[in-house]
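Asker: Here's a sequence, model it:
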Amino acid sequence: MRLRQYQVDAFADRAFEGNPAAVCQLDGWLDDALLQAIAEENNLSETAFFVAADGRFALRWFTPVAEVDLCGHATLATAHVIFEHLAHAQPVITFVTRSGELHVRRQGRLLEMDFPAIAATPCALPEGMLAALGRQPLEVLAADDYLVVFASEADVLAITPNQAWLCQLDLRGVIVSAPGSEVDFVSRFFAPKYGIPEDPVTGSAHCVLTPFWADRLGKTTLTARQVSRRGG
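Answerer: Down below sits the predicted model:
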């Protein structure tokens, strides 16, 4: 069996930045165990698998250890492959996913994604989080992940989390965020129990971050940067 696979750096304007995703084109769905084994072999934060169906594309995402419900950078990477390598003629791609229909539009040389806005709810500081992150947050909220808000970009950059503690969380992972010095907000994302000690750039985290900071800053257009080592 031969499969065509691409590797794309999403959320970047040059190679070796942003978040790399593997994108695998399938004629039909393979066994879930094989999909997971391919993702584990790739050892990237996400491997995307897609199947063309009636003018749309069924899309699934796998980390090295599990399938996930939503992944922004691998969706963007898949759209790039379909537009650039499969000569998709329409300006909009519709993906059918576990999170519903997602749309990616070509805007000149750029791609624009429609992703859901997810509201995070204030919650108590989980036991052990202060020691695990090594910094006192301003507040903590919860959705699919914990959103931990700090006073400054320097706080976010300084965090070296206790990965073993993060693996015990009841939620997917931890987003840490603060106002940015050159952008509206910065963030980092950690999800080691899903095989991602730190994700370079996390589209799905911005489903929570964007409405949160739009409300706090009173803005409808925001700029953001994920300040991981690769960044994007």
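
Asker: can you point me to the longest helix in the chain?
Answerer: helix 72-85 (DSSP state H).

Asker: Pull the contacting residues for the nearest residue to R98 once chain neighbours are set aside.
Answerer: Nearest residue to R98, sequence neighbours excluded (CB to CB, 6 or more residues apart in numbering): D69, at 4.7 Å. C-beta: built from backbone N, CA, C; applies to glycine. Shown in contact with D69 (CB atoms under 8 Å, 6 or more residues apart in numbering): T97, R98, S99, D144.

Asker: For the second one, grab the count of nearby residues.
Answerer: Looking back up the chat, that one is R98. Close neighbours of R98, defined as other CB atoms under 10 Å, add up to 11.

Asker: ok, now V149?
Answerer: V149 is flanked by 23 other residues according to other CB under 10 Å.

Asker: now it: how far from Q107?
Answerer: In this view, V149 and Q107 are 31 Å apart by CB to CB, to the nearest Å.

Asker: Which parts of this structure belong to which domain?
Answerer: For the chain, automatic domain parsing gives the domain ranges 4-114, 121-226.

Asker: would TSV of those with mean pLDDT and distance to G232 be doable?
Answerer: Shown next, in TSV, are those (pLDDT from 0 to 100; distance: least, CB to CB, whole Å):
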stretch	mean pLDDT	distance to G232
domain 4-114	96	4
domain 121-226	98	4
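
Asker: does the spatially most central residue of the chain count as helix, strand or coil?
Answerer: For the chain, the residue whose C-alpha lies nearest the mean C-alpha position (CA atoms, centre = their mean) is T202; its distance is 2.7 Å. The assignment at T202 comes out as coil when based on DSSP: H, G, I helix; E, B strand; the rest coil.
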